[in-house]
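Undergrad: Dropping the sequence and predicted coords here.
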Protein chains: 2
Amino acid sequence: MLNSYSSADKALLAVDCIIFGFDNQGLKILLIKRDFEPEKGKWSLIGGFLKRDEVLDNAAIRILNTYTGLNDIYMEQLYAYSEIDRDPVERTISVSYYALINIENHNAELIKNYHAQWFSITDAPNLIFDHNEMVEHAIRRLRYRTSIKPIGFELLPEKFTMRQLLELYEAILSKELDKRNFISKINSLEILNKLDEKDMGSSRKGSYLYTFNKEKYEEKLLNDFVLNL
Amino acid sequence: MLNSYSSADKALLAVDCIIFGFDNQGLKILLIKRDFEPEKGKWSLIGGFLKRDEVLDNAAIRILNTYTGLNDIYMEQLYAYSEIDRDPVERTISVSYYALINIENHNAELIKNYHAQWFSITDAPNLIFDHNEMVEHAIRRLRYRTSIKPIGFELLPEKFTMRQLLELYEAILSKELDKRNFISKINSLEILNKLDEKDMGSSRKGSYLYTFNKEKYEEKLLNDFVLNL
DNA sequence: TGATTTAAGTGTAAAATCTACATTAATAAA
DNA sequence: TTTATTAATGTAGATTTTACACTTAAATCA
């Protein structure tokens, strides 16, 4: 019968997280060297199994927290992967999530203990199972999302310079952007606060710091902007 | 241990399909009156369970075929739903797919036997479980996809008029479009064949029929167009 | 048969947006 | 005080988008 509930076909559910970070070297992902079989010693996304009493979103949050110590992180579900032998041990459907974190905030101690490591997305090692595909998918989604939602800021410190924001978008889109055009497009959204404070780290002149103004963004009830960069 | 494979937490996997069709009354979805518990007699998306030896895409294809008799249909995975009690019988994670079909082609006999029925998306009944949410999600995704990929044609007969195409996009976007601007934007994509044949059904003058020219589209290797309608 | 009706088909001017591009400003270091 | 370095800023031309109305073709009707 087509619709009978049958436990014969139950499967394991995994959650794998593409954890993005950004620093002055560009866009990065957090990978882990597996310390268990199969594929022990190979690089992998950070993941875990869904528990009986847990929803997928919470599993993703739990896994992220376990490896980074972070809470309240932007995460979004991406896609369910179900190739029969994608995990050679047992039939496992994996649902991927991506997370955007401020790379300065994670618990360095923790990731060291887990043999986790940041890799530039342009320079990451080959990953187990279908994890390479997951990463590519996540980057495509990130490109799209950052063009319609103000989520790029999740990857930056609370206070950031226009240059950092520009370089972030360049890293995400993987193309050069015109500085003046970029700044005027960002400014036209009117969702940033320009502070009186300057960051003196990168130049003699110093550059103004900005914060994302979430209230202003929500006030405008933007249905979604369209950033044509 | 965080990563041990444990069959304690296995779950059932379902696939639910949002099947879109289009006719001169607008955009429609195919729903079924459930003939089994729970929620017997209520309206529901068409769905089924993932089998042990089956990938999600194939489960979606199988389910669509079972209820409509159709093959080679455009389908896309949407999202995994995992609320603990979303299905009251047993923990079930459902992965939704949407399908675009030419409404003239489905097997009317079959859908009658299954007590399935077409509903206007503006006028559909309340659905069981989280299926309403799935439908909303599918419409959002359809809006986005049709704006960057030539998939709207999947909902039309092979030969269609500009008016039909216009009304299709109006139904998907749920807003009125300017006829002349629409036609020139579509024409600028250069992916249609204008036939010598006219459809005489809707006017005295008759209106030219078009087909989607897939070869021309692929030739251009469009990375994705951007239809700003 | 010619008058009427109906939807099809077509073009443009003004507004808005996007693109390309170069100089001055501020400051610390030498 | 000169030099070096990055920050900050505006505009003209090109392109795209928008708003908008009349003519055409053919069947039906008087």
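TA: Sure thing, it's come through. Numbering: from 1, shown residues only, chains lettered A, B, ... in the order given.
Undergrad: buried residues in stretch A:115-135?
TA: Using 16 or more other CB atoms under 10 Å in any protein chain shown as the test for burial, stretch A:115-135 gives A:116-119, A:121, A:124, A:127-131, A:134-135. Any C-beta I mention is one placed from the backbone N, CA and C, and that applies to glycine too.
Undergrad: For DNA strand C, state which of these is nearest.
TA: A:Ile121 (24.2 Å; CB to the nearest atom of the strand).
Undergrad: nearest residue to the closest one other than its sequence neighbours?
TA: A:Leu27 (4.9 Å; CB to CB, 6 or more residues apart in numbering or on different chains).
Undergrad: Now the element after whatever helix or strand the one you found lives in, going C-ward?
TA: A:Leu27 belongs to strand A:26-33 when assigned by DSSP states H and E. As assigned by DSSP H and E, the chain's next helix or strand after strand A:26-33 is strand A:43-44.
Undergrad: That following strand pairs with which strands, and in what direction?
TA: strand A:26-33 (antiparallel) (DSSP bridges).
Undergrad: List the contacts of the strand holding A:Leu27.
TA: The contact list for strand A:26-33 (CB atoms under 8 Å, 6 or more residues apart in numbering or on different chains) reads A:18-22, A:41-46, A:67-68, A:103, A:106, A:111, A:114-122, A:124-125, A:127, A:135, A:155, A:167-168, A:171-172.
Undergrad: Can you list the buried residues in it?
TA: A:26-32.
Undergrad: Can you lay out those as a markdown table showing pLDDT?
TA: Shown next, in a markdown table, are the buried residues of strand A:26-33 (pLDDT from 0 to 100):
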| residue | pLDDT |
| --- | --- |
| A:Gly26 | 96 |
| A:Leu27 | 98 |
| A:Lys28 | 98 |
| A:Ile29 | 98 |
| A:Leu30 | 98 |
| A:Leu31 | 98 |
| A:Ile32 | 96 |
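Undergrad: Tell me which two of the residues you listed sit farthest apart.
TA: Greatest spacing in those, by CB to CB: A:Gly26 and A:Ile32 (20.1 Å).
Undergrad: who does the host helix or strand of A:Ile111 touch, helix- and strand-wise?
TA: If you go by DSSP H and E, A:Ile111 is part of helix A:108-113. Packing partners of helix A:108-113 (3 or more CB pairs under 8 Å, 6 or more residues apart in numbering or on different chains; DSSP states H and E): helix A:56-68.
Undergrad: Could I get the full set of helices for chain A?
TA: Secondary structure of chain A (DSSP state H): helices located at A:56-68, A:108-113, A:131-148, A:162-173, A:179-189, A:214-219.
Undergrad: Is the fourth one in proximity to DNA strand D?
TA: It stands for helix A:162-173. Yes: counting by CB under 7 Å from any atom of the strand, contacts between helix A:162-173 and DNA strand D involve A:162-163.
Undergrad: Buried ones in that helix, by neighbour count?
TA: Buried residues in helix A:162-173, defined by neighbour count with 16+ other CB under 10 Å: A:162, A:164-173.
Undergrad: Just the closest of the residues you listed to B:Glu54, please.
TA: A:Ile172 (35.6 Å).
Undergrad: For A:Leu56, see how far away that closest one is.
TA: 25 Å (CB to CB, to the nearest Å).
Undergrad: Is A:Ile46 bridged to anything, and to what?
TA: The partner residues for A:Ile46, given DSSP bridges, come to A:Cys17.
Undergrad: residues in contact with A:Phe119?
TA: Contacts of A:Phe119 (CB under 8 Å, 6+ apart): A:28-31, A:125.
Undergrad: quick one, what contacts the residue lying closest to A:Glu158 once chain neighbours are set aside?
TA: Distance criterion CB to CB, 6+ apart; nearest residue to A:Glu158, sequence neighbours excluded, is A:Thr211 at 5.9 Å. By CB under 8 Å, 6+ apart, the contact list for A:Thr211 reads A:158-160, A:192-193, A:195.
Undergrad: Would you format those as TSV with neighbour count and pLDDT included?
TA: Putting the contacts of A:Thr211 into TSV (neighbours: other CB atoms under 10 Å in any protein chain shown; pLDDT from 0 to 100) gives the following:
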residue	neighbour count	pLDDT
A:Glu158	11	97
A:Lys159	15	97
A:Phe160	23	97
A:Leu192	19	97
A:Asn193	12	97
A:Leu195	12	96
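Undergrad: which one of those residues is nearest B:Arg143?
TA: Checking the contacts of A:Thr211 against B:Arg143 with CB to CB, the nearest one is A:Leu192 at 28.4 Å.
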